[in-house]
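S.K.: with the sequence up front, the predicted model follows.
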Amino acid sequence: MSETETARSPLELEEADAYSQYLLHSPTEVAFVLRNAMQKGCMMTVYFDMGQSFFLTSLLQVSPKGIVLDYGSDEDTNRRALKAGRLICTTSVDKVKVQFALDSLSLVNHEGNPAFFSPLPANLLRLQRREYFRVSTPIATPLKCEIQVSTETGGITALQIPLLDISAGGMGLMTAVDQAQFFGRGSVFRNCVLTLPDDGPIKVDLEVRNLFEVTTRSGSRYFRVGCEFLDLPGLLLTMIQRYITRLERERKARISGLE
């Protein structure tokens with residue numbers, strides 16, 4: 001996984017308000033999904049330090065008491081993960097995105113090898129509806145959204161904010177550190193202008209659901225702003241879905257070309 005892919009990985013669980021209808025709370029249901037992921041050998045990415053660090057793992061055991069995860073390949077990352085206060089795990093089971101949070105990890109011995117243990121997560125996000133499928137937007141020619149914000153002097157200024165990813169439910173924005181002050185959680189922005197390559201500019205209303213800082217391995221810093229579309233008209237929803245479908249088709253074509 002590349003540095004860019006790491007920084008841009010969408011974590012819908014951090015926007016739980018927007019996806020609350022897809023959260024499973026029953027311990028039995030949570031364990032069933034995780035056991036299915038374990039049986040299918042699904043690889044899992046575990047993010048920590050506010051999404052700045054990650055490691056790849058897989059489930060080794062699922063029980064009512066908790067889960068056991070395979071130890072990471074990098075010892076320094078493992079040590080930092082054991083000290084982390086919140087970790088978010090994401091995987092895909094039968095093309096359904098699964099995410100859940102862990103409060104902490106502890107070191108255990110599993111069949112003679114080191115492993116991570118955590119109590120069973122309190123809830124689990126299971127996204128299977130196609131309209132909430134999220135894709136990363138192009139890096140070389142980034143999609144941008146124009147947002148009007150109020151300045152400290154009482155004026156209005158227009159910010160051109162590049163997108164990190166987009167779904168029919170919302171989008172992730174990449175703001176500079178000095179722009180993050182405008183995007184507090186719950187802030188609403190009306191008549192934002194999003195320019196789609198095939199359809200031109202459209203106006204959308206956005207509500208900020210999540211904001212957190214990301215530091216890439218090169219030391220660059222930015223803030224990811226997770227936004228939800230508000231009362232998106234059917235025509236605009238169709239246009240956005242069409243754009244998402246095109247991006248996914250292009251991504252699959254690139255993968256096929258490399259095989």
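M.R.: Everything's here; your move.

S.K.: for beta bridges, what are the partners of residue 156?
M.R.: residue 150 (DSSP bridges).

S.K.: test my guess that it contacts residue 147.
M.R.: No. At 10.6 Å, residue 156 does not count as touching residue 147 under the criterion of CB atoms under 8 Å. Yep, even glycine has a C-beta here, placed from its N, CA and C like the rest.

S.K.: which of these two has more neighbours?
M.R.: Neighbours were counted for residue 156 and for residue 147 using other CB atoms under 10 Å; residue 147 has more, 26 against 8.

S.K.: for the closest residue to residue 197 other than its chain neighbours, grab phi and psi.
M.R.: Leaving aside its chain neighbours, residue 197 sits nearest to residue 243 (7.2 Å; criterion: CB to CB, 6 or more residues apart in numbering). For residue 243, the backbone dihedrals (degrees, to the nearest 10) come out as phi -70, psi -40.

S.K.: give the contact list for residue 243.
M.R.: Contacts for residue 243 were tallied using CB atoms under 8 Å, 6 or more residues apart in numbering; they are 166, 196-199.

S.K.: which neighbours do residue 156 and residue 147 have in common?
M.R.: Residues touching both residue 156 and residue 147 (CB under 8 Å, 6+ apart): none.

S.K.: please pick the buried ones from the contacts of residue 243.
M.R.: Neighbour counting with 16 or more other CB atoms under 10 Å marks 166, 196 as buried within the contacts of residue 243.

S.K.: and the contacts of residue 243, which is closest to residue 220?
M.R.: residue 166 (21.8 Å; CB to CB).

S.K.: residues touching the closest one, list them.
M.R.: By CB under 8 Å, 6+ apart, residue 166 lies in contact with 134-135, 137, 143, 172, 240, 243-244.

S.K.: let's have those in a markdown table, adding pLDDT.
M.R.: As requested, the contacts of residue 166 are arranged in a markdown table below (pLDDT from 0 to 100):
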| residue | pLDDT |
| --- | --- |
| 134 | 75 |
| 135 | 84 |
| 137 | 89 |
| 143 | 92 |
| 172 | 91 |
| 240 | 89 |
| 243 | 89 |
| 244 | 88 |
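
S.K.: which of these sits closest to residue 209?
M.R.: Nearest to residue 209 among the contacts of residue 166 is residue 172, at 10.0 Å by CB to CB.

S.K.: gap between the strand or helix carrying that closest one and the chain center?
M.R.: Secondary structure assignment for residue 172, by DSSP states H and E: strand 170-175. Per CA atoms, centre = their mean, to the nearest Å, the displacement of strand 170-175 from the mean C-alpha position of its chain is 11 Å.

S.K.: which residues sit against that strand?
M.R.: For strand 170-175, the surrounding residues in contact (CB under 8 Å, 6+ apart) are 8, 10, 15, 18, 134, 142, 145, 159, 161-166, 182-183, 194, 206, 209, 222-229.

S.K.: can you select the buried ones from those residues in ChimeraX?
M.R.: The buried subset of the contacts of strand 170-175, as determined by 16+ other CB under 10 Å, is captured in ChimeraX by this line:
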select :8,10,15,18,134,145,159,161,162,163,164,165,166,182,183,194,206,209,222,223,224,225,226,227,228,229
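
S.K.: so which of the contacts of strand 170-175 sit within strands?
M.R.: Among these, DSSP state E puts 145, 159, 161-166, 194, 206, 209, 222-229 in strands.

S.K.: for residue 154, grab the count of nearby residues.
M.R.: Counted with other CB under 10 Å, the neighbours of residue 154 add up to 6.

S.K.: and what about it, helix, strand or coil?
M.R.: Here residue 154 is recorded as coil under DSSP: H, G, I helix; E, B strand; the rest coil.
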